[in-house]
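model this:
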Amino acid sequence: MKQLLLSLLLLPAAAYATGYVAPAGDPEVIVPDSTGFKFTDVKVNPTTSVKDQNKSGTCWSFSATSFLEEDIMRRGGEELDLSEMFAVRNCYIDKAKKYIRTNGVTNFAAGGAATDVLYVADNYGVVPEAVYPGLNYGEDKHNHGELDAVLKGYLDAVKRNPNRKLSTAWLPGFIGILDAYLGPVPETFTVNGKSYTPQSYAKELGISGDDFISLTSYTHHPFYENFSIEIPDNWTWAESFNVPMDELKAAVDNALDNGYTVCWSADVSEGGFQWRNGFALLPEPKTGADLEGTELSRWVQLSDRDRENATYKIKGPVKERKVTQESRQKTFDNYETTDDHGMVIVGYATDQEGNRYYKVKNSWDTNQLYNGFLYVSEPYFLEKTLSVLVNKDSLPKNIKSKVK
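Model prediction:
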């Protein structure tokens, strides 16, 4: 996802209220509204608690870590709180190595992809949040502005190669910065009286990247082939399986219907993505007047006061654009659909007019209308999805048979 992964259109101030979020499995729950919407939860799968990435560009780790926690629960395991910063730290180290080896040609930023968490789990393991909270710098919540600037500045100084050859100290020095800010990683730790390494803990939890697949839908590559989505934060060049748009949606729906959650990578820079008000829509252009005068800002860079003032003008369901395979491709090619943010789709719902929405868990804390969740319309999902990460076992048979 793009550097801070969190582009967001914010609109002028209005009051907002706290609504009820249905517990997992609660049928037909009407969510109180103050925005003109009445959402009814139709299917909600078990999920772990909403977390707060705060002022850090690490949504990719928060979303994919939540996705793994929920997969463990689905398999009968206990509800866990795994460390997001463990994956962030390990990715920073490997990104730094690649950045220096390519003389700064590759991307080095806070952003990443959901598949990065699987990469770390397979190569370095996982640890509980209590073992590695990543808050070693005098903050109660993640705030990576200084850390990101220091890491990039350090690497750029190394890249300039003032000694005309790299010293053996540059990588330990880089790791030292991470140790200072996020904390060193213990070689072993204890959970329920048993000692683990990060690798043995991942094995104990049954986490394997081979169990999951990333899906996308674009026409600049053949369908039913794997390709690396051409976005800067896909620094590992992880591949996604390319399927037609209707099959991408079918895979998500099948996963949700069978008790799986879905890790969702998407563009959130649209005026219809209104986080404080708990919905994301793709209005037809004629409703664009409702969005005039908005200001494009990055959520992680906003002050607490500005976050409180992020509200809405759309009042209830509107007519939305018809999305096609061609419109998906066009918005991607024109940089209208960009790699902004990672979240988790946990279920689906309808509004008072029968329109269908995906229920999505975010990592921007719980201080908004639906306590950290939002409702994403099907048109918004179809056009603004970069990729989804699903358990292979959740794939419909017709898609699974084509996977290579």
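
packing partners for the longest strand belonging to the chain?
Counting by DSSP state E, the longest strand found in the chain is strand 341-350. Applying 3 or more CB pairs under 8 Å, 6 or more residues apart in numbering; DSSP states H and E, we find strand 341-350 packed against strand 39-44, helix 59-74, helix 245-257, strand 262-266, strand 356-361, strand 373-377. The way it works is simple: take the backbone N, C-alpha and C, and place the C-beta from them, glycine included.

so what strands line up beside it?
With DSSP bridges as the test, strand 341-350 is paired with strand 39-44 (antiparallel), strand 262-266 (antiparallel), strand 356-361 (antiparallel).

let me have the helices and strands packed on strand 341-350 in JSON lines, extended by mean neighbour count, distance to L166 and mean pLDDT.
Below are those laid out as JSON lines (neighbours: other CB atoms under 10 Å; distance: least, CB to CB, whole Å; pLDDT from 0 to 100):
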{"stretch": "strand 39-44", "mean neighbour count": "20", "distance to L166": "52", "mean pLDDT": "97"}
{"stretch": "helix 59-74", "mean neighbour count": "26", "distance to L166": "29", "mean pLDDT": "98"}
{"stretch": "helix 245-257", "mean neighbour count": "19", "distance to L166": "43", "mean pLDDT": "98"}
{"stretch": "strand 262-266", "mean neighbour count": "28", "distance to L166": "34", "mean pLDDT": "98"}
{"stretch": "strand 356-361", "mean neighbour count": "24", "distance to L166": "43", "mean pLDDT": "98"}
{"stretch": "strand 373-377", "mean neighbour count": "26", "distance to L166": "46", "mean pLDDT": "98"}
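
distance to D339 added to these, as CSV?
Converted to CSV, the helices and strands packed on strand 341-350 look like this (distance: least, CB to CB, whole Å):
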stretch, distance to D339
strand 39-44, 27
helix 59-74, 10
helix 245-257, 16
strand 262-266, 7
strand 356-361, 17
strand 373-377, 16
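
mind listing the helices for the stretch 1-150 of the chain?
Using DSSP state H, counting those that start in this stretch, the helices of the stretch 1-150 of the chain run over residues 59-74, 84-101, 115-123, 145-159.

next one: the third one to chain centre, how far?
When you say that, I think you mean helix 115-123. How far helix 115-123 lies from its chain's middle: 15 Å, per CA atoms, centre = their mean, to the nearest Å.

the nearest residue to Y124 once chain neighbours are set aside: neighbour count?
Of all residues not flanking Y124 in the chain, N90 sits nearest, at 4.8 Å (CB to CB, 6 or more residues apart in numbering). Neighbour count for N90, taken as other CB atoms under 10 Å: 21.

need the pLDDT of N90.
With respect to pLDDT, N90 scores 98.

nearest to L178, out of the helices and strands packed on strand 341-350?
helix 59-74 (14.2 Å; CB to CB).

packing partners of the closest one?
helix 84-101, helix 115-123, strand 262-266, strand 341-350, strand 385-391.

now do the shortest one against helix 245-257, angle only.
Same thing as strand 262-266. Here the directions of strand 262-266 and helix 245-257 differ by 140 degrees (axes from the mean of the first three to the mean of the last three CA atoms, to 10 degrees).

now do strand 262-266: everything it contacts.
Strand 262-266 has contacts (CB atoms under 8 Å, 6 or more residues apart in numbering) with 1, 60, 63-64, 66-67, 113-114, 252, 255-256, 339-345, 358, 360, 381, 384-390.

contacts only, for the residue nearest to the spatial centre of the chain.
Among the residues of the chain, the one closest to the centroid is G342, at 1.5 Å (CA atoms, centre = their mean). If you count contacts by CB under 8 Å, 6+ apart, G342 has them with 1, 5, 59-60, 62-64, 114, 263-266, 363.

identify the bridge partners of it.
Here G342, judged by DSSP bridges, has bridge partners S265.

for it, give me the pLDDT.
pLDDT for G342: 97.

quick one: it from D211, how far?
19 Å (CB to CB, to the nearest Å).

got any ranges where the chain has weak pLDDT?
For the chain, the stretches with pLDDT under 70 are 1-33, 286-313.

burial count for the closest residue to D52 other than its chain neighbours?
Of all residues not flanking D52 in the chain, D365 sits nearest, at 4.0 Å (CB to CB, 6+ apart). When neighbours are counted by other CB under 10 Å, D365 registers 15.

residues in contact with D365?
50, 52, 54, 372.

quick check, nearest of these to R75?
Closest to R75, out of all of those and judged by CB to CB, is V50, at 21.7 Å.

okay, now that closest one: neighbour count?
Around V50 there are 19 other residues, counting by other CB under 10 Å.

quick check: it touching N371?
Yes - counting by CB atoms under 8 Å, V50 does reach N371; the two are 6.9 Å apart.

right, and the helices and strands packed on strand 341-350 - which one's nearest R160?
So among the helices and strands packed on strand 341-350, helix 59-74 is nearest, using CB to CB, at 29.0 Å.

may I have that closest one as PDB, with CA atoms only?
This file holds the C-alpha atoms of helix 59-74, laid out as PDB (Å, rounded to 0.1, in the frame of the first residue of the first chain):
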ATOM      1  CA  CYS A  59      -2.300  -1.100   8.000                       C
ATOM      2  CA  TRP A  60      -1.000  -4.000   5.900                       C
ATOM      3  CA  SER A  61       0.400  -5.600   9.100                       C
ATOM      4  CA  PHE A  62      -2.700  -4.800  11.200                       C
ATOM      5  CA  SER A  63      -5.100  -6.200   8.700                       C
ATOM      6  CA  ALA A  64      -3.200  -9.300   7.800                       C
ATOM      7  CA  THR A  65      -2.400 -10.100  11.400                       C
ATOM      8  CA  SER A  66      -6.100  -9.800  12.300                       C
ATOM      9  CA  PHE A  67      -6.900 -12.000   9.400                       C
ATOM     10  CA  LEU A  68      -4.500 -14.700  10.700                       C
ATOM     11  CA  GLU A  69      -5.900 -14.400  14.200                       C
ATOM     12  CA  GLU A  70      -9.400 -15.000  12.800                       C
ATOM     13  CA  ASP A  71      -8.200 -18.000  10.800                       C
ATOM     14  CA  ILE A  72      -6.800 -19.500  14.000                       C
ATOM     15  CA  MET A  73     -10.100 -19.000  15.700                       C
ATOM     16  CA  ARG A  74     -12.000 -20.500  12.800                       C
END
